[in-house]
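S.K.: missing the sequence, but the structure's below:
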């Protein structure tokens, strides 16, 4: 891809954010541009989060230095085979995309859920990097607790709302509906690769200027 060049007073940045079904389908978003956020902050992650997600942000202070993160290849595998390789006996629809039609039933896979994932999940939300945001829609397997706690930071997050159900292939309702927060678990905040469903990019790179090193 051809990247546009911009002059940045505070340095350059690049970020990658991914949401995964855990069953070999993901949406990955990459953004490059000027650093506009806080120069320090804590990344909060949960290795057991469902749906699985990932967030990474890099800042730098030299010309055209934001050239490391390019695609889903820069994030870990979020759809590993279960260890031990046991199944829960539940079958769910699995899909993820940035449009409701990406998760139409005819486009959704039927997957055998892993281990303790005996519930089916469906939901929607937004993937956010700074002031850039895209919608996301998802169906996948989940635990009966249906608690969604994912990766967040001062620069990125995935805000996801959804609901779980029990029964074979029960997550067949419209993913574009409004989901009410679960009173037992609260709303599902900040919510991810093997075969990505879609890769989005904001094509910006830092041009020669007088950027300042980040700390």
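M.R.: Done, it's in. Being a predicted model, the structure only gives us computed values, none of them experimental. Numbers count the residues shown, from 1 in each chain.

S.K.: residues in contact with the residue nearest to residue 112 when sequence neighbours are not counted?
M.R.: Leaving aside its sequence neighbours, residue 112 sits nearest to residue 87 (CB to CB, 6 or more residues apart in numbering; 5.1 Å). Using the backbone N, CA and C atoms, a C-beta is placed for each residue, glycine as well. Residues near residue 87 by CB atoms under 8 Å, 6 or more residues apart in numbering: 112-115.

S.K.: Could you rerun that using 10 Å?
M.R.: Applying CB atoms under 10 Å, 6 or more residues apart in numbering, we find residue 87 in contact with 111-115, 117-118, 141.

S.K.: and if you look at residue 57?
M.R.: Residue 57 touches 13-17, 31, 35, 37, 41, 43, 69, 129-130, 153-156, counting by CB under 10 Å, 6+ apart.

S.K.: And for residue 140?
M.R.: 19-23, 25, 50-52, 92-96, 108-109, 111, 113, 117, 120-123, 162, 171.

S.K.: what do you get if the cut-off is 6 Å, keeping everything else the same?
M.R.: Taking CB atoms under 6 Å, 6 or more residues apart in numbering, we find residue 140 in contact with 21-22, 51, 94, 121.

S.K.: Export these as JSON lines, with columns for distance to residue 78, neighbour count and secondary structure.
M.R.: Shown next, in JSON lines, are these (distance: CB to CB, whole Å; neighbours: other CB atoms under 10 Å; DSSP: H, G, I helix; E, B strand; the rest coil):
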{"residue": "21", "distance to residue 78": "9", "neighbour count": "28", "secondary structure": "coil"}
{"residue": "22", "distance to residue 78": "7", "neighbour count": "25", "secondary structure": "coil"}
{"residue": "51", "distance to residue 78": "9", "neighbour count": "29", "secondary structure": "coil"}
{"residue": "94", "distance to residue 78": "13", "neighbour count": "26", "secondary structure": "strand"}
{"residue": "121", "distance to residue 78": "15", "neighbour count": "27", "secondary structure": "strand"}
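
S.K.: For residue 134, state which of these is nearest.
M.R.: Of all the contacts of residue 140, residue 51 has the smallest distance to residue 134: 16.0 Å, by CB to CB.

S.K.: Could you tell me whether residue 101 really is in a helix?
M.R.: Yes - looking at residue 101 with DSSP: H, G, I helix; E, B strand; the rest coil, it is inside a helix.

S.K.: Now it. Nearest residue, chain neighbours left out?
M.R.: Among residues not flanking residue 101 along the chain, residue 107 sits closest, at 7.3 Å (CB to CB, 6+ apart).

S.K.: measure that neighbour to residue 134 for me?
M.R.: In this view, residue 107 and residue 134 are 18 Å apart by CB to CB, to the nearest Å.

S.K.: Next: residue 110.
M.R.: From residue 110 to residue 134 the distance is 26 Å (CB to CB).
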